[in-house]
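Peer 1: return a 3D structure for these sequence lines:
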Amino acid sequence: MTIAVHPDAHATLVLNADYRPLSYYPLSLWSWQDAIKAVFLDRVNIVSEYAAEVRSPSFRMRLPSVVSLKTYIRPARFPAFTRFNVFLRDRFECQYCSALEDLTFDHLVPRSRGGLTTWDNVVTACSPCNLRKGNKSCRVAEMFPRQHPYRPTVQDLHNNGRLFPPNYLHESWLDFLYWDTELEP
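Peer 2: Modelled structure (predicted):
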């Protein structure tokens with residue numbers, strides 16, 4: 001069966017050589033074009049395929065839905081300090097009121113008072129809480145974060161990322177996404 005393949009369709013889940021996703025949030029996905037290129041460059045093994053295929057007059061190939069890298073990529077121990085990673089560490093929730101919308105980040109020790117933009121001084125906050133705290137310390141503002149800020153490990157972010165699955169998960173990916181989570185009795 002030949003199916004017309006839209007360039008944005010048929011994403012490929014990319015697993016490390018140990019069959020764990022390279023990342024959970026965002027989920028490690030490649031376009032089908034990048035996956036096919038990696039197959040031809042002998043960088044990946046095809047683990048699962050879609051029914052859809054690409055073909056030319058002399059060649060046809062089913063599109064990979066899951067691939068594993070042939071060479072293990074050692075994950076970084078600590079993630080980069082980015083706004084997204086701060087939000088993920090704090091589970092996309094205001095650390096003062098638990099709001100889930102209009103998020104920004106707040107410096108516990110304000111920058112104007114010498115506070116740095118670091119893992120240990122920044123928390124996720126909604127705009128109203130951030131404005132209410134303003135340029136004050138937590139003690140003066142009488143606003144304390146629910147969770148003390150910390151430098152997360154990649155595993156911390158992976159664990160939090162599992163709480164926010166993508167909108168679309170192909171059935172061929174499910175066996176590879178959460179097999180390393182602890183099972184309940």
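Peer 1: which residues in this protein form helices?
Peer 2: 32-40, 83-89, 127-133, 138-141, 154-161, 174-177 (DSSP state H).
Peer 1: residue contacts, the residue nearest the centre of the chain?
Peer 2: Centrality entry for the chain: nearest residue to the mean C-alpha point is residue 25, 1.5 Å, by CA atoms, centre = their mean. By CB atoms under 8 Å, 6 or more residues apart in numbering, residue 25 lies in contact with 88, 157, 158, 160, 161, 162, 164. C-beta coordinates here come from the backbone N, C-alpha and C atoms, glycine included.
Peer 1: which strands or helices does the longest strand seen in the chain pack on?
Peer 2: Ranked by residue count, the top strand of the chain under DSSP state E comes out as strand 44-56. If you count contacts as 3 or more CB pairs under 8 Å, 6 or more residues apart in numbering; DSSP states H and E, strand 44-56 packs onto helix 32-40, strand 59-69.
Peer 1: for it, output the C-alpha coordinates as PDB.
Peer 2: C-alpha atoms of strand 44-56 as PDB (Å, rounded to 0.1, in the frame of the first residue of the first chain):
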ATOM      1  CA  VAL A  44      20.200   3.700  13.300                       C
ATOM      2  CA  ASN A  45      18.400   0.400  13.500                       C
ATOM      3  CA  ILE A  46      14.800   0.300  12.500                       C
ATOM      4  CA  VAL A  47      12.700  -1.000  15.400                       C
ATOM      5  CA  SER A  48       9.200  -0.400  14.000                       C
ATOM      6  CA  GLU A  49       7.600   0.800  10.800                       C
ATOM      7  CA  TYR A  50       4.500   2.500   9.600                       C
ATOM      8  CA  ALA A  51       2.300   1.000   6.900                       C
ATOM      9  CA  ALA A  52       3.100   4.100   4.700                       C
ATOM     10  CA  GLU A  53       6.100   3.900   2.400                       C
ATOM     11  CA  VAL A  54       8.200   6.100   0.100                       C
ATOM     12  CA  ARG A  55       9.300   4.900  -3.200                       C
ATOM     13  CA  SER A  56      11.000   5.800  -6.400                       C
END
